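Undergrad: no sequence on this one, just coordinates:
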Ligand code: ATR
């Protein structure tokens, strides 16, 4: 009988995921008898699949779109982040019980803690651009560190309102036209839209009202230096790129499945950069 522990990225599709590269690097680095693969799960199969991970030979898995919500709904236990978001991206079995966590927000925090130490020493208003899944995780993360209010600014204001309804009065929704009015108070500005990504238009915003002390970060990491980060740095704002969010969100899952807490080191960053 093999004792190889197996985990995987699951979702529909999974071909684009860089998670196998990250976990493969840590498995080799720590000499662990483990495997991390890709398992596509069609929407009609999702419930059966997540209800019985062991049947698929998995110790646990990551979950990506479109299954994060259904995965959370099937868990016997959820961590506070997954509970707050109603979505899980990391699953494991504990004595037959299906447990779930959402590590996207932790990835965001880990990236800033490492790239801009002290960034949260004096929390205040924050501005999050976009209102998709990444925005939800980042809003949770900012609230968890005491930032308030968190202004969510989105082209489709209804989606920003849905996030505000979910988290309550500390989150304020706006349409794109209100960006100028909230930037002036921001301690942190985060882009979670796909704008600035290779192949998409640049995020074209006027940063002139942004305080010089504000930290600017981007969930986009292809390219590593987005137009937003370039413009922010040119005017003297502290910036952190988004690659570390991807790397740090993987730490807790690896520890759960393989029993070793890995670090985000330079070799890992270089490996992923070479693949971008
Ligand atoms: P994720 O789950 O990674 O956050 P998503 O759910 O596809 O991704 O969200 C993409 C975000 O980029 C959304 O906030 C989207 O705005 P809408 O809600 O109005 O669609 C935003 N976005 C994408 N293209 C945009 C554009 N051209 N201008 C402004 N916002 C854009």
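TA: Right, received. Where do you want to start? Quick caveat, the model's predicted, so the values are computed rather than measured. Numbers count the residues shown, from 1 in each chain.

Undergrad: Show me where the chain has its helices.
TA: Here the chain has its helices, by DSSP state H, at 19-29, 46-51, 68-74, 80-85, 104-115, 133-144, 157-167, 179-183, 227-234, 243-248, 251-258, 266-275.

Undergrad: Out of those, flag the one nearest residue 40.
TA: Proximity to residue 40 (CB to CB) singles out helix 46-51 among the helices of the chain, at 10.2 Å. In this view, the C-beta of every residue, glycine as well, is placed from N, C-alpha and C.

Undergrad: From residue 191, how far off is the residue in the stretch 101-250 of the chain positioned nearest to the ligand?
TA: As assessed by CB to the nearest ligand atom, the ligand sits closest to residue 132 within the stretch 101-250 of the chain, at 2.3 Å. Counting by CB to CB, to the nearest Å, the gap from residue 132 to residue 191 is 12 Å.

Undergrad: Please say which of the two ends up with more neighbours.
TA: residue 191 (27 against 15; other CB atoms under 10 Å).

Undergrad: My guess is the more buried one contacts residue 130. True?
TA: Yes - shown here, residue 191 and residue 130 form a contact pair, counting by CB atoms under 8 Å, at 6.8 Å.

Undergrad: Which residues are in contact with each of those two?
TA: Overlap between the contact sets of residue 191 and residue 130, as judged by CB atoms under 8 Å, 6 or more residues apart in numbering, is given by residue 219.

Undergrad: Find the nearest non-adjacent residue to the residue of the stretch 101-250 of the chain closest to the ligand, please.
TA: Nearest non-adjacent residue to residue 132, counting by CB to CB, 6 or more residues apart in numbering: residue 192, 6.5 Å away.

Undergrad: Would you reformat the helices of the chain as CSV and include mean pLDDT and mean neighbour count?
TA: CSV is the format used below for the helices of the chain (pLDDT from 0 to 100; neighbours: other CB atoms under 10 Å):
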stretch, mean pLDDT, mean neighbour count
helix 19-29, 98, 19
helix 46-51, 98, 17
helix 68-74, 98, 20
helix 80-85, 95, 20
helix 104-115, 97, 23
helix 133-144, 97, 24
helix 157-167, 97, 17
helix 179-183, 95, 17
helix 227-234, 97, 18
helix 243-248, 97, 23
helix 251-258, 98, 22
helix 266-275, 96, 12
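
Undergrad: Kindly report the residues of the stretch 151-276 of the chain close to the ligand.
TA: Residues of the stretch 151-276 of the chain found near the ligand (CB under 6 Å from any ligand atom) are 154-156, 159, 192-195.

Undergrad: how does it look with 8 Å?
TA: 154-156, 159-160, 176, 192-195, 200-201, 203, 219 (CB under 8 Å from any ligand atom).

Undergrad: Of those, grab the buried ones for ChimeraX.
TA: The following ChimeraX line selects those of these that are buried, judged by 16 or more other CB atoms under 10 Å:
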select :154,159,160,192,193,195,203,219
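
Undergrad: Show me which of the residues of the stretch 151-276 of the chain next to the ligand is closest to residue 9.
TA: residue 219 (18.2 Å).

Undergrad: isn't the residue nearest to residue 132 right up against residue 138?
TA: Yes - between residue 192 and residue 138 there is a contact at 5.9 Å, judged by CB under 8 Å.

Undergrad: Common neighbours of those two, please.
TA: Common neighbours of residue 192 and residue 138 (CB under 8 Å, 6+ apart) are 128, 219.
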